[in-house]
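A.B. asks: Give me the fold of what follows.
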Amino acid sequence: MADLTIDEINHLDEAAFVDELDDIYEHSPWVAERVRSERPFASLAELRDAMKHAVDDASREKKLELLRAHPDLGDQTRITESSAEEQAAAGLDQLSPEMYEAFQRLNERYLETFGFPFIMAVRDESPETIREAMERRVEHSEADEFRTALAEVHTIARFRLEDRFPT
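C.D. replies: Numbering: from 1, shown residues only. From the prediction side, this is the model:
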């Protein structure tokens, strides 16, 4: 997608606005749909905050749907272009067979425990750091991990918006 300015995104028709932002929150165009009527946005921060509030104000079921839309880290089989780039930047596309197996085991344990995949904003992280986070967070309570996963989703969205609208 071509870089747009906030002014340009404010002037897109509703369908084009959603098309442009539907991947900011993984496989969840409903977030862009909920904020399109709030235009015009004065800044990227205002757009980001509106999208964050749309998620925060959603039902728990809708938030769970958003969490479940994320791929397993280290699994390259059903992944968006944005996720593939983010995981590649963290070296997750080049895991050794042993590290890949460790990620698979932790992903399965995490999913069985919480009912949604492990989510972490992996930009600038190493596979070892990510694995340590997985091992630590699988011990969290469900409520703590639900909040942590949503916070990571917001961080991922912020990175994607900053990439889409460079300043």
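A.B. asks: Check which residues of the longest helix belonging to the chain are buried.
C.D. replies: For the chain, the helix with the greatest residue count under DSSP state H is helix 142-164. Buried positions in helix 142-164, judged by neighbour count with 16 or more other CB atoms under 10 Å: 145-146, 148-150, 152-154, 156-161, 164. C-beta coordinates here come from the backbone N, C-alpha and C atoms, glycine included.
A.B. asks: Need the residues that contact it.
C.D. replies: Helix 142-164 is contacted from outside by 1, 3-4, 23-26, 44, 47-48, 51-52, 55-56, 63, 66-67, 70, 82, 86, 113-114, 116, 118-121, 123, 137, 140, using CB atoms under 8 Å, 6 or more residues apart in numbering.
A.B. asks: Show me just the buried residues among those residues.
C.D. replies: Buried subset of these (neighbour count, 16+ other CB under 10 Å): 4, 23-26, 44, 47-48, 51-52, 55, 63, 66-67, 70, 82, 86, 114, 116, 118-121, 137, 140.
A.B. asks: Can you list the low-confidence ranges for this structure?
C.D. replies: 1-2, 74-79 (pLDDT under 70).
A.B. asks: Okay, residue 21 and residue 13: tell me how far apart.
C.D. replies: Distance, residue 21 to residue 13, by CB to CB, to the nearest Å: 13 Å.
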